[in-house]
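J.: predicted coordinates and the sequence they were generated for:
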Amino acid sequence: MTEHRAPRPHGGRPSRPSGPGHPRDGRSGTAPRAGRPPADPARQAAYEAVAAVHRDDAYANLVLSDILSGMGLHGRDAAFATELTYGTLRALGTLDLIIAAAAERDVARIDPPARDALRLGVYQLLYTRVPSHAAVNQTVDLVRSVAPGASGFANAVMRTVSETSLDSWLERIAPSYEADPVGNLSVMHHHPQWVIRSFAEALGGDLEETARLLIEDNQPPVVHLCARPGRVDAVDLADEVGGVPGAFSPYSVYLNGGAPREMAAIREGRAHVQDEGSQLVAAALLAAPIEGQDTRWLDLCAGPGGKTGLMGAIAAGRGAEVTAVEVSEHRARLVDSACEGMPVTVLPMDGRSVGRDPDLPEEAFDRVLVDAPCTGLGSLRRRPESRWRRQPADLPPLTRLQRELLVAALRAVRPGGVVAYVTCSPHMVETQVTVSEGARRSGVEVDFVDARPLLPPGMPGLGPGPTVQLWPHRHGTDAMFLAVLRRTS
Ligand SMILES: C[S@@+](CC[C@H](N)C(=O)[O-])C[C@H]1O[C@@H](n2cnc3c(N)ncnc32)[C@H](O)[C@@H]1O
């Protein structure tokens, strides 16, 4: 049930009908009008999630899962709410350009509740098989409940958008590829231009390959499990959970569906959820040849404990012990519970205190992992909102921290030992630049170890070495970067 008349403005002024091409009012009111139907539950859930992401800086995956269970949504409703939420958040930049063109105003001038409802509505119109009339009517109903004063405006915008196909909208709002390739890719594949430039740089300037990466970033990722060595074999785990063994990591299993949290193997600590790329880089550190003692392993940025969980399981089989450092107390507790029953000691402290704290002496470890805090541009498939939330201004403080953590790691490792520097970002400033600057400033002598032979044989697309960059479109993993350094003095 939908009303297609223009809203009655607040303040008692008489309403004027607004034509579909001339939406009039983006301001929202304060209270829903009595007797209006609520939006359907799946759309309501998606709206709540998108609004929380923008209003509270919430993470979509966490907030949506709370909303779905709070509303008791399962099955098709939950799947539809998830598709709307994730799709809308990924395509945000393009949706906003279309809304701005249809509304003839910048989206910044539309009240947030109406703006988020319109984003969901335009996503349904142009990117799903939802019939136009349902997308329009349901969006207007939603706006009526969350921004009552803006329902006529929303109706007008939705009708204007529905009159033109997606291809025609893209032609209208995107610059031509020939004139502005990055601008074109940004609109067509929903990534900010600075992010695309950073990907293209890491891919040697190849824009065709960059486009393949952008397309992959918009696909929902397959969930990977890590079969913890010594606790379960990957083939047996795959049988148990109805998945298939992964392509590269000997520990990985690709899930075909199902809720990992409900699986016995996860509940019993035989496996954990972990991207295959994360498994590969942690295992690569442990595969690097070293001479002499090999029992003291350090994970300098451990929370929430995915890589520590794999290192701890391998350590148990090799008679080694893992010291896991994490600055956030909450995340340190997560590491503790992720590593139950493993030879892992968790230290809730700043990893940069190597040499200043008796728990973290210099030259005391044989292998050190620095899985540094980063922009996360390599895992955009998993975090639909993060591409628009991240800004270039995030880079300087992060790269400084990354450098300081790498310097600490190089001081913590003994001569002859190895350090793996890892990020889930392919941005060159966070990868190559941080590694060379960190090594230079550490005051110790290091050699690069070729990381390619530390990965499973036959892995394609690893580049010229010595560092390795994994990619979603090449390997089906997050875009993990790995540099392995041996301390020589
Ligand atoms: C990329 S995450 C690590 C992910 C983890 N290795 C895993 O596989 O689950 C980076 C972690 O470093 C932590 N961190 C940030 N600054 C730190 C510091 N100065 N010392 C130690 N940990 C730090 C963050 O809290 C965050 O948990």
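T.: Perfect, thanks for sending it.

J.: average model confidence for the biggest strand by length in the chain?
T.: Counting by DSSP state E, the longest strand found in the chain is strand 413-423. The average pLDDT within strand 413-423 is 98.

J.: hmm, who's touching stretch 424-443?
T.: 198-199, 201-202, 277-278, 372, 374-379, 395, 398-399, 402-403, 406-407, 410-411, 421, 423, 446, 467, 469, 471, 478-481, 483, 485 (CB atoms under 8 Å, 6 or more residues apart in numbering). To be clear about C-beta, it is placed using only N, CA and C from the backbone, and glycine gets the same treatment.

J.: let me see the mean pLDDT of stretch 312-319.
T.: pLDDT averaged over stretch 312-319 gives 98.

J.: what comes up buried for the longest strand of the chain?
T.: 413-414, 417-423 (16 or more other CB atoms under 10 Å).

J.: next: stretch 73-80.
T.: 73, 77-78, 80.

J.: nearest to residue 154 among those residues?
T.: residue 80 (20.1 Å; CB to CB).

J.: rewinding a little: just the CA coordinates of the longest strand of the chain, formatted as CSV?
T.: This file holds the C-alpha atoms of strand 413-423, laid out as CSV (Å, rounded to 0.1, in the frame of the first residue of the first chain):
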residue,chain,number,x,y,z
VAL,A,413,64.4,-11.3,16.3
ARG,A,414,67.8,-12.9,16.9
PRO,A,415,70.5,-12.7,14.2
GLY,A,416,69.7,-15.5,11.7
GLY,A,417,66.0,-15.4,12.6
VAL,A,418,63.2,-14.3,10.3
VAL,A,419,60.5,-11.6,10.4
ALA,A,420,57.4,-11.8,8.2
TYR,A,421,55.8,-8.4,7.6
VAL,A,422,52.2,-8.8,6.5
THR,A,423,49.3,-6.5,5.6
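
J.: that older thread, among the buried residues of stretch 73-80, name the ones in helices.
T.: 77-78, 80 (DSSP state H).

J.: got the residues of the stretch 201-350 of the chain near the ligand?
T.: 278, 301-307, 325-328, 331, 350 (CB under 6 Å from any ligand atom).

J.: circling back to that earlier point, need the buried residues of strand 413-423 in CSV with distance to residue 186, can you?
T.: Listed next are those as CSV, based on distance: CB to CB, whole Å:
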residue, distance to residue 186
413, 41
414, 47
417, 43
418, 39
419, 36
420, 33
421, 30
422, 28
423, 23
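
J.: downstream of the helix or strand hosting residue 238, the next helix or strand is which one?
T.: Using DSSP states H and E, residue 238 maps to helix 234-241. Counting by DSSP H and E, the next helix or strand C-terminal to helix 234-241 is strand 244-245.

J.: circling back: could you redo the buried residues of stretch 73-80 as CSV and give each row pLDDT and distance to the ligand?
T.: Listed next are the buried residues of stretch 73-80 as CSV, based on pLDDT from 0 to 100; distance: CB to the nearest ligand atom, whole Å:
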residue, pLDDT, distance to the ligand
73, 96, 29
77, 96, 32
78, 95, 26
80, 97, 31
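
J.: any chance of CSV for the residues you listed, columns distance to residue 104?
T.: Formatted as CSV, these follow (distance: CB to CB, whole Å):
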residue, distance to residue 104
73, 36
77, 35
78, 36
80, 31
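
J.: which of those residues sits closest to residue 166?
T.: Distances from residue 166 to the buried residues of stretch 73-80, taken by CB to CB, are shortest for residue 80, at 19.4 Å.

J.: just to revisit the earlier point, got the angle between the next helix or strand after the longest strand of the chain and strand 413-423?
T.: Once the chain leaves strand 413-423, the next helix or strand it forms, by DSSP H and E, is helix 434-441. Between helix 434-441 and strand 413-423, the angle formed by their directions is 150 degrees, by axes from the mean of the first three to the mean of the last three CA atoms, to 10 degrees.

J.: quick one on the thing from earlier: among the ones in helices among the buried residues of stretch 73-80, which one lies nearest to residue 313?
T.: residue 78 (32.6 Å).

J.: residues touching residue 176, list them.
T.: Here residue 176 is in contact with residue 184 (criterion: CB under 8 Å, 6+ apart).

J.: helix, strand or coil for it?
T.: coil (DSSP: H, G, I helix; E, B strand; the rest coil).

J.: ok, which stretches of the stretch 351-489 of the chain are helices?
T.: Under the criterion DSSP state H, counting those that start in this stretch, helices of the stretch 351-489 of the chain are mapped to 386-389, 395-412, 434-441, 472-475.

J.: what residues of stretch 167-175 count as buried?
T.: Buried residues in stretch 167-175 (16+ other CB under 10 Å): 169-170, 174.

J.: so where do the strands sit in the protein?
T.: Going by DSSP E, the chain shows strands at 224-227, 244-245, 252-254, 271-273, 296-299, 321-325, 344-347, 365-371, 413-423, 446-449, 468-469, 481-487.

J.: of all the ones you listed, which one is nearest residue 141?
T.: strand 271-273 (36.8 Å).

J.: would TSV of the strands of the chain with distance to residue 193 be doable?
T.: Below are the strands of the chain laid out as TSV (distance: least, CB to CB, whole Å):
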stretch	distance to residue 193
strand 224-227	30
strand 244-245	37
strand 252-254	33
strand 271-273	32
strand 296-299	35
strand 321-325	36
strand 344-347	41
strand 365-371	28
strand 413-423	21
strand 446-449	32
strand 468-469	21
strand 481-487	22
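
J.: can you say which of those strands is packed in most?
T.: For the strands of the chain, the largest average neighbour count (mean count of other CB atoms under 10 Å) is found in strand 224-227, namely a mean of 28.

J.: what sits up against that one?
T.: 233-234, 236-237, 241, 243, 246, 249, 251-255, 260, 265-266, 270-276, 279, 306, 309-310.

J.: middle-most residue in the protein, spatially?
T.: residue 383 (3.0 Å; CA atoms, centre = their mean).

J.: domain ranges for this structure?
T.: Domain segmentation of the chain under automatic domain parsing yields 41-166, 174-217, 276-487.
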